[in-house]
Each structure stands twice: as structure tokens, then as C-alpha cells.
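> what follows is a protein structure lacking sequence information:
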């Protein structure tokens, strides 16, 4: 596959120097594919479209290899070679003799193993990146699944703990780094605890979450999973009425206080989660069947007819 791609690209550069006006039959992410490249892959009796698709797949595969960042550990390659020898009941020396008898050098064999490992890693990376789930898809399928369960009488109510939370957020900027943000929140926290100012006043004065800050820092009642990981964890582990130590999330630095809790109906959330998992699993199954085809989902491919 790689060799075909390289030969095609060499043909591209050579021919473009001789005849810059040669027809472009397709582009992949803006990179042109020339008719001469297709002809070279197609041969005399091949299919134009099949040859073009092969070139496109090769280009997307090489792009995926570069973008995946997958690295092959040579120590792991050596271990696999030794394991292959052992599984065939051969000493390492006997295995080398067996390779030599077949006209295969040890270096070539290791390169083959390395390529297989590389492509396995790239394949997994491509499959994971092929998953594309929208909120609208999840909402629609979740509602459908819940309605069907209700119609069949199989819907089960799911309860969970909701927490009433208020917080103060400081966002990082060129004049406020991690250490400074943390120190500033520690100072604010101390002033609230000592009674020098209320949490609500501090949120209004300092919080960069202006919407909640105008409401005393209140985020209302929500299930923990509605928040990003570090925030959700702090909500669940901070005793009610206690102001947390400063902590960082992807949005910046926070302190928070849990001001209430209650049992909440999370049946709809549970069905949305089921819907999300079903959509993801379906897409993963499709991508696993043909991961190279899955690469096309995120590629800009343009065909130009004669």
C-alpha cells in the first residue's frame, strides 16, 4: 500500500514537470490526483474508479499514520520476535536459521512486525476518531427509547442525588497563572470563612462566571455528571456547607460550596446515556469493519468528471 502510494506520488511530481496541464481527476484535502497516477495504478484492464479509490485510501492512510503519533517500541518488537520463536518450539538461533532458509533477513522480519504494530495502532486511532455523535442524535434516540419502554411497560424509574452548588471561577490569562489563581482563591476563601465577606458578595466581585456570579455563584440543582470531571468529583466529595479548597478544571480555577442535596429523577438522563452508548457502539462497529473507509468521514474528497 505504501509502495503504491510512493510510486503514485513520484509519477505526480515527474509528470507535473513535463506537462503541468494534465487533468486533475480528484482532490483529497486539497491535494490533487492526476489521471497519470490513476493510469499507473489501474494498468491496462483495471477499473478507473477502483484505481482512484485505492490512491485515495493510500493517501488517507499515510495521513492517518502521521497524525496518529503512534510510535513502535523496538524492545517490544524484539520481544514479539522472541515470542514467535518460542511458540514455534525454536530457540532464537534456530529461528534465525529458519528465516535465513526462507530468504528473509532478521531486519526485514522486524520491519514487517513493526509495520503491523504501527498499522494496528493507527487503525485503533482512526476508529476512535471516526465516532461523531451530536446532542440532537442522543436526545432523539433517548426519547424514542424511553417512549418505547413506557409503551411496553418496561420503563424503570432511575433516581440519583442532585446537588445545589455555588462556585467562584478565576480564568487564567497572561497576567494570572496557575499559582496566582490558586493563591487568589485561597485568599478569597479565607475571607469568606472569616466572615469578612459572604460567598455571594465574593462571587459577584471576583467570579469570571458572570452569569452565576450575578446570582451569588449559584449553579442551582444538578446531577454531578452534568459537570466536567474535576468539578463533578469535588461536588461529590465536599461536605455540605464546606467551602472546597481551590481546584482546577478545563475552565480555570474554582472554589465551590454544596448548599443542598436531594433525590432527583434521572430516568431521562439514564436513557440518554443508553442512547449515547448505542450510537457510539454502532459507529465503532461500522468503523471496525472498514477502518480505511471510516477515514473518509473527515476527509474533503472532490471528484472531477470528464
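Everything's here; your move. Just so you know, these numbers come straight off a predicted model, no measurement behind them.
> contacting residues around residue 214?
Residue 214 is in contact with residue 204, counting by CB atoms under 8 Å, 6 or more residues apart in numbering. Just so you know, the C-beta spots here come from the backbone N, C-alpha and C atoms, and that holds for glycine as well.
> tell me the pLDDT at it?
Per-residue pLDDT puts residue 214 at 94.
> can you classify the closest residue in space to residue 264 that isn't next to it in sequence as helix, strand or coil?
What sits nearest to residue 264 in space, not counting adjacent residues and going by CB to CB, 6 or more residues apart in numbering, is residue 162, at 3.7 Å. What DSSP: H, G, I helix; E, B strand; the rest coil gives for residue 162 is strand.
> likewise the one 4 residues further on?
Remark: residue 166 carries the secondary structure label strand [criterion: three-state DSSP].
> what's the closest non-adjacent residue to it?
residue 217 (3.8 Å).
> mind telling me what element residue 230 is part of?
Assigned by DSSP states H and E, residue 230 belongs to helix 229-237.
> show residues contacting that helix.
The contact list for helix 229-237, computed with CB under 8 Å, 6+ apart, reads 163, 165, 167, 224-227, 244, 247-249, 254, 256, 258.
> can you pull the buried residues of it?
Across helix 229-237, burial judged by 16 or more other CB atoms under 10 Å covers 231, 232, 234, 235.
> want to try JSON lines for those, with pLDDT and distance to residue 156 as columns?
Shown next, in JSON lines, are the buried residues of helix 229-237 (pLDDT from 0 to 100; distance: CB to CB, whole Å):
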{"residue": "231", "pLDDT": "96", "distance to residue 156": "29"}
{"residue": "232", "pLDDT": "95", "distance to residue 156": "24"}
{"residue": "234", "pLDDT": "97", "distance to residue 156": "30"}
{"residue": "235", "pLDDT": "97", "distance to residue 156": "25"}
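> between all of those, which two are separated the most?
Using CB to CB, the buried residues of helix 229-237 span at most 7.4 Å, a distance reached by 232 and 234.
> all helices for the chain, in order.
If DSSP state H is used as the criterion, the helices of the chain fall at 2-18, 35-42, 48-68, 74-87, 92-101, 106-129, 135-152, 178-193, 199-206, 210-213, 229-237, 267-289, 291-295.
> residue 262 touches residue 221, doesn't it?
Yes: the criterion here is CB atoms under 8 Å, and residue 262 meets it with residue 221 at 6.8 Å.
> centroid-nearest residue for this protein?
With distances taken as CA atoms, centre = their mean, residue 129 lies nearest the centre of the chain, 5.3 Å away.
> mind naming the longest strand for the protein?
Secondary structure of the chain per DSSP state E: the longest strand is strand 252-265.
> any stretches of the stretch 1-150 of the chain with poor pLDDT?
Filtered on pLDDT under 70, the stretch 1-150 of the chain yields the residue ranges 1-21.
> thinking again about what came up before, wait, the residue nearest to residue 264 sits on residue 262?
Yes: the criterion here is CB under 8 Å, and residue 162 meets it with residue 262 at 5.4 Å.
> neighbour count winner among the two?
residue 162 (19 against 9; other CB atoms under 10 Å).
> common neighbours of residue 162 and residue 262, please.
Counting by CB under 8 Å, 6+ apart, the contacts common to residue 162 and residue 262 are residue 221.
> burial measure for residue 145, as a count.
17.
> that one and residue 90, how far apart?
55 Å (CB to CB, to the nearest Å).
> circling back: got any residues that touch both of residue 262 and residue 221?
Taking CB under 8 Å, 6+ apart as the contact rule, residue 262 and residue 221 both touch 162, 164.
> what's the closest of the contacts of helix 229-237 to residue 174?
Sorting those by distance to residue 174 puts residue 248 at the head of the list, at 17.4 Å, by CB to CB.
> so that closest one makes contact with residue 179?
No: contact between residue 248 and residue 179 fails when scored by CB under 8 Å: they sit 11.2 Å apart.
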